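Asker: pasted the sequence and its predicted model underneath.
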Amino acid sequence: MSKHRHVRRGSSYRRHVWSSTRTVFVSIISSLVVLASMGFSTPTRDELFAAYIDENAQSLEVQISAVDALPIAERHDFSATPGYETFIAGGTNHDWAKLVLLMGEFPLTDSNVIVVTRWMRQENYVDRWWTRNNPLNNGWGSGGGGGTGRYATLVDAAENAAEALHALPRYREIVRTLNESAPTSEVERAIWFSGWATGMYNNGAHWSYADVPVVTAPPSAWGR
């Protein structure tokens with residue numbers, strides 16, 4: 001039976017690695033000595049790191065994400081429509097006219113407001129347009145069939161005026177012209193011949209076209 005001698009290779013490998021490492025280290029030291037003798041300064045750790053970064057710099061390519069690629073949504077401008085409280089807070093005869101139009105679902109146009117304020121002036125004195133809280137002398141729901149009734153507040157009066165216009169057939173032309181925001185002369189003619197006033201404002205001869213001044217009613221008339 002032959003005997004094999006066990007050879008330990010590990011120690012010789014370690015000697016080889018150490019020998020190679022020592023050779024490289026000696027070479028580096030020698031190079032540094034030569035550079036120093038030639039007047040070159042030894043680079044610091046930070047300088048060596050900066051040189052490495054510079055030599056191994058990578059370009060950065062920005063990818064557009066799916067979110068960025070989506071089309072930009074168009075934004076629209078919105079304007080708020082005045083509500084009941086806006087006109088009640090205003091408290092003027094022009095605000096009451098707008099409240100009637102709003103409650104009747106009529107367009108809040110300048111021409112419609114002009115017609116209603118003129119109409120109010122024909123029915124009540126401008127300086128006390130809130131008399132009996134019934135600016136249009138409306139008999140609908142006020143307890144006075146001839147337009148002499150009274151409402152609890154101007155808000156009630158506006159609601160009943162809008163309701164009367166839509167409820168009674170003889171006011172259809174007023175409703176139509178207000179809905180169309182027709183010229184003031186056309187709406188006013190519809191009012192004259194609707195039977196709202198028995199005298200029909202003398203077929204319009206008693207109708208005034210002067211500007212209606214802005215007059216504020218007391219808060220109590222509005223129920224405030």
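Answerer: Alright, I've got the coordinates.

Asker: pretty sure Ala162 sits against Met103.
Answerer: Yes: here Ala162 reaches Met103: they are 4.0 Å apart, a contact under Cβ atoms under 8 Å. C-beta: built from backbone N, CA, C; applies to glycine.

Asker: show me what contacts Ser111?
Answerer: Listed by Cβ atoms under 8 Å, 6 or more residues apart in numbering, the contact set of Ser111 reads 181-184, 187.

Asker: surely it forms part of a strand?
Answerer: No: assignment of Ser111 by DSSP: H, G, I helix; E, B strand; the rest coil gives helix, placing it outside any strand.

Asker: next one: it from Arg118, what distance?
Answerer: For Ser111, the distance to Arg118 (Cβ to Cβ, to the nearest Å) stands at 11 Å.

Asker: likewise Lys98?
Answerer: Counting by Cβ to Cβ - Lys98 and Arg118 are separated by 14 Å.

Asker: of those two, who's got more company?
Answerer: Lys98 (23 against 20; other Cβ atoms under 10 Å).

Asker: next, give phi and psi for the more buried one.
Answerer: Dihedral angles of Lys98 (phi, psi; degrees, to the nearest 10) stand at phi -70, psi -30.

Asker: hmm, Leu108 and it touching each other?
Answerer: Yes: under the criterion of Cβ under 8 Å, Lys98 makes contact with Leu108 at 5.8 Å.

Asker: need the overlap of contacts for the two.
Answerer: Pro82.

Asker: where exactly do the helices run in the chain?
Answerer: 9-37, 45-55, 66-69, 84-90, 93-103, 110-123, 154-167, 172-179, 184-192, 200-203 (DSSP state H).

Asker: mind picking the two most distant members of the contacts of Ser111?
Answerer: Using Cβ to Cβ, the two most remote members of the contacts of Ser111 are Ser181 and Thr184, lying 9.7 Å apart.

Asker: what's the closest non-adjacent residue to Thr148?
Answerer: Spatial nearest neighbour of Thr148, excluding adjacent residues (Cβ to Cβ, 6 or more residues apart in numbering): Asn137 at 7.1 Å.

Asker: residues contacting the one you found?
Answerer: Contact analysis of Asn137 by Cβ under 8 Å, 6+ apart lists 123-124, 147-148.

Asker: again, only using 10 Å
Answerer: 120, 122-124, 131, 144, 146-149, 157, 161, 196-197 (Cβ atoms under 10 Å, 6 or more residues apart in numbering).

Asker: also Val187?
Answerer: Contacts of Val187 (Cβ under 10 Å, 6+ apart): 111-112, 114-116, 118-119, 173-174, 176-178, 180-181.

Asker: how does it look with 7 Å?
Answerer: By Cβ atoms under 7 Å, 6 or more residues apart in numbering, the contact set of Val187 is 115, 174, 177-178.

Asker: which pLDDT value goes with Val67?
Answerer: For Val67, the model assigns a pLDDT of 41.

Asker: and Trp140, by the same measure?
Answerer: Looking at Trp140, its pLDDT reads 89.

Asker: do the same with Thr198
Answerer: According to the prediction, Thr198 has pLDDT 89.
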